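Novice: Sequence below, structure please.
(chains A and B)
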Amino acid sequence: MAPDDEPTPQESPEAKPSPERNWGVRITEDIADWIEDRTGLVSTIGKILRHPVPPRAGWMYVFGSATLTAFMIQVVSGTALALIYVPSTSQAYSTLQYITHGATLGRVLRGMHYFGASAMVLLVGVHMARVFLTASYKYPRTVNWFTGLVLLFLTLGMGFTGQLLRWDQNGVWSVVVGAEQAARTPLIGKWLAHLVLGGDTVGGTTLTRFFAVHVFFIPGLIFAFIGIHLYLVLRHGISEPPEVGAPVDPKTYKTQYEEMLKKEGVPFFPDAIWRDAVVTLALCLTVLALAIFIGPPQLGKPPDPTLIDAVPRPDWYLMWYFAVLALLPHGTEKYLIIVIPLLLFIVPLFLPLLFPKGERSVRRRPWAPVIVFATVVIIAGLWRLAVQAPWTPRFKTPPLPPSIVRSEDKLVIHGANLFYTKSCLYCHTIDGQGGIRGPDLSSVADRLSRDQMIIRISNGGYNMPAYTYNMKPDELKAIVAFLETRKGGAGFAPHSVSQVP
Amino acid sequence: MGDESKTTSSTSNSSSPDGAQGANGPCAPVDSRTLRRRKFLTRITLGLGAASAGSIIWSILGFVIAPAIRKSSTAWREVGSVDDFAVGGTKVVTFQDASTVPWAGYAGRSAAWLRRDSSDTFTCFSVNCTHLGCPVRWEEGSELFMCPCHGGVYYKDGTVAAGPPPKPLPRYNVRIKNGKVQVEASSIPLTL
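Specialist: Predicted coordinates for the structure are as follows:
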C-alpha cells in the first residue's frame, strides 16, 4: 500500500473505541479524534511524515535534519540564556560572568550554545557539500539550493553576531572590525558602518543592536527560510541517490521521479526517519558532552574600548576569513574585502542556473569531489594559518637570554638588547625565540653580508619598517654586530669577539 | 468571448485570482460581473495591504536606520593637565565619546595615543588601525605603532611603515585650554 493510501486516524476502524480497549487508550484516541476533527493536524502531519522518499537514501541524507536539530538546540539554549543575559553594554559582561560561574547549569548552557553553533556551521557546510556532490541542486530543486545558500550565510551571521554578544574585550573590537569591513562598501560604506555600530562609535546602542539582530532578525529569517526549504523538500521530494547514466532532463524528470516513487518509494516515517533520530541523539549527546567537559569559551577582559591591548579574533568558524583579510595583496583590500564575500555568495548562487540538467553521479562529474576537496583544504589551510597568525607581531616575546646571545662582547650584547627593544624580535626568530612575520634570522650571517644587513634594516620593505629614522648609527652598528654572530643556527658554539669584524 | 466561456475558464483554473478554488473545493460558477468584482476586490485588498504595511514599516525603518544617517557629533574632552605629559612622550589617553547614552557604561569611552611634541604642541592619534580598526600599540623603543591583528606598522608620525594599512593613522584635534589638554572626541575613524 502506498503511504498516501494508508488510512488516516479518522478512517481507521481501529481508531474507534471498543469495549475491550484500555480506558487510557480510549481517552487518548478520543482526544486525538477531537483535535483531528477540529484542526486536521493529525492527518496532515501524518501525511507529511509518511511522504514517500526514494528507497536508497541512506546516511548521506541525514545532514539537513542534523542541521535543523543544531538550530533547535540554539533556539532552546539561547532562549534559556536570555532569561538572565542583559543586553546592556554596562551589564552584559557581568551577567555572562554570573551565567558561567553562578547560575545553576549556566556553564553547561553556554557551552551547549557555543558547541551547538559550531555544530550548526559544520553541519550546514557538510549538508551543502553533500548536495553539491550528488548534484541535488539540479532541476527542479533550484530554489531549494537558493534557500539553502541563504541559510548558510544566515548561520554564519548568527555565529558572528553571537560572538559579539559575549561582549568582552574581543567582542568590542570585533564590532569595530566588522564596521570597518562594512565601511569598504562603495558609496554607502560609512552609512553601513554606522548602521552596524548603531551610531558613530561603539556605544550604548551597539550591543542592543547586535542582540536584536541575533535573537530576532536573523532567527526570524532562518525560520522563514527553513519553512520554505522544507516546503520545497516536500514539494519536489528528496533527490534520489544519483546513478551513472541517469541524467536530469527537465522535460521528463518530474514524471520519472513520481513513477519511481510509486514503484519503489518508501514512507519517510519510519523507513528513513530512524537514521535522523540516531543522528539527532548523537548530536545532542555530543554537544552536551562537549559543554560539560570542555565548557564555553572563556570570557576575555572587560569590554572597555580603552583597554587597547586587545587582539581581536573571530571564533573558529570564521578564522579562515581572518587569514584571508591578512593575505589580501597590498592595495587590493579596499575592493576585495567586499568582493570576496559577494563572490562566495554569488558564484554558488548561479550553480543551479548554469548546470540545471545532466549527469548527477560524481563518476561523470569528477570535478565535483575535486572542488569539495580543494575547498576543504583551502579553508583548513587558511584556518591553520590564522591560528598561527604569522603576520602578527609577538608582543609577549621576552628579551633574548644569554644562552641565545652566546657572546660576551658588549657590542653584541647591546645589539641583542636593541634587537628586542627596537621590536625586531616581535617579527624575527632567533634560535626559536621571537615572531615569525619576518624571516628567521638564526643564521642570517650565512646569507647576508654586513652591508646587505645595513641596507635591509635602513630601507625596510613591505612588511618591515625602514629604521633610518628610528635607529641611531651606533644602534644600527650594534644590531648588525649581533646579527653577524648569527651563523649556523642554534646549537653552535658561542661566538667569540674575534668573529665580529 | 462570451460570459459563459469566461465562467468555464475561471472554474477550471485553480490558481485564478478570482478565488474559484477554495480550501474545500471549487466555488460556484460565476458570471463576468462577479469576476470583474473579484478582480476589483483583489486589487483593493492588495492596495490596502500595501498601505497597511507601509504605514507601519516607514516608522520602523526610520527607527532602525536613524543611527546611520544621524550627523556625527564632536565634543572637546579633557584628558589631563599639560604637565601630565612629558615632552617627546607618547601615552594613551581615555575620554568620553562625543555621543553617548546614559547606560553605555564602558562602551561610552574611547582611547587615543597622545604625544607631547613640544612644550605647547600635542599630536593625538586614533588607536584604530586603518586596515580593519584593531587597536594599535605604541612601542616606545622602536617608536612605532604596531597592530596586533594583521601586522600593520606606523611610524611615530602616523604614516604607514609596513603591512596592510592603506592610510596613515587618523588624528584627533587637540587644544590646550586653561592648562588642560583637550581632545576633540568624534566618530570612529573609518577607512572608506
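Novice: what sits against the nearest residue to residue B:170 once chain neighbours are set aside?
Specialist: Excluding the flanking residues, the one nearest residue B:170 by CB to CB, 6 or more residues apart in numbering or on different chains is residue B:189, at 3.7 Å. (Each C-beta comes from the backbone N, C-alpha and C, glycine too.) Neighbour list for residue B:189: B:126, B:128, B:130, B:170 [criterion: CB atoms under 8 Å, 6 or more residues apart in numbering or on different chains].
Novice: Within the helices and strands, which one has residue B:189?
Specialist: Counting by DSSP states H and E, no helix or strand carries residue B:189.
Novice: cool, residue B:181 as well?
Specialist: Applying DSSP H and E, one finds residue B:181 within strand B:180-185.
Novice: now do residue B:95
Specialist: strand B:90-96.
Novice: residues of that strand that come out buried?
Specialist: Of the residues in strand B:90-96, B:90, B:92, B:93, B:94, B:95 count as buried by neighbour count, 16 or more other CB atoms under 10 Å in any protein chain shown.
Novice: Would you mind identifying the next helix or strand past it?
Specialist: strand B:109-116.
Novice: could you dump that following strand to CSV, C-alpha only?
Specialist: Provided in CSV are the C-alpha atoms of strand B:109-116 (Å, rounded to 0.1, in the frame of the first residue of the first chain):
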residue,chain,number,x,y,z
ARG,B,109,34.6,55.6,26.3
SER,B,110,37.4,55.8,23.8
ALA,B,111,41.1,55.9,23.8
ALA,B,112,43.8,57.7,21.8
TRP,B,113,47.6,58.0,21.7
LEU,B,114,48.7,61.5,22.7
ARG,B,115,52.2,62.7,22.1
ARG,B,116,53.6,65.9,23.5
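Novice: tell me the angle that strand makes with strand B:180-185.
Specialist: 130 degrees (axes from the mean of the first three to the mean of the last three CA atoms, to 10 degrees).
Novice: related to what we said a few turns ago, of all the residues in the strand holding residue B:181, which ones are buried?
Specialist: In strand B:180-185, counting by 16+ other CB under 10 Å, buried: B:181, B:182, B:183, B:184, B:185.
Novice: Contacts for that strand next, please.
Specialist: With CB under 8 Å, 6+ apart as the criterion, strand B:180-185 contacts B:74-82, B:84-85, B:93, B:95-98, B:110, B:112, B:114, B:122, B:124, B:172-176.
Novice: again with stretch A:451-464
Specialist: Counting by CB under 8 Å, 6+ apart, A:330, A:391, A:427, A:437-438, A:444, A:448, A:466-468, A:471, A:476, A:479-480, A:483-484, B:151, B:161-163 sit against stretch A:451-464.
Novice: Which of those fall within helices?
Specialist: A:427, A:476, A:479, A:480, A:483, A:484 (DSSP state H).
Novice: now, which of these lie close to chain B?
Specialist: Residues of the ones in helices among the contacts of stretch A:451-464 in contact with chain B (CB under 8 Å from any CB of the partner chain): residue A:427.
Novice: so which of the ones in helices among the contacts of stretch A:451-464 comes closest to residue A:302?
Specialist: Proximity of these to residue A:302 was ranked by CB to CB; the top entry is residue A:427 with 29.5 Å.
Novice: quick one: that closest one and residue A:435 touch, right?
Specialist: Yes - counting by CB atoms under 8 Å, residue A:427 touches residue A:435, with 4.3 Å between them.
Novice: What parts of the stretch 351-500 of chain A come near chain B?
Specialist: Going by CB under 8 Å from any CB, the residues of the stretch 351-500 of chain A near chain B are A:391-393, A:395, A:420-424, A:426-427, A:437, A:460-467, A:469-470.
Novice: Could you turn the buried ones of the residues you listed into a PyMOL selection?
Specialist: Burial among these is assessed by 16+ other CB under 10 Å; the matching PyMOL selection reads:
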select buried, chain A and resi 391+392+393+420+422+423+424+426+427+437+460+463+464+465+466+467+470
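Novice: out of the contacts of strand B:180-185, which are buried?
Specialist: Buried members of the contacts of strand B:180-185, scored by 16+ other CB under 10 Å, are B:76-77, B:79-80, B:85, B:93, B:95, B:97-98, B:110, B:112, B:114, B:122, B:124, B:172, B:174.
Novice: Inside strands: which ones of the residues of the stretch 351-500 of chain A next to chain B?
Specialist: Among those, no member is found in strands (DSSP state E).
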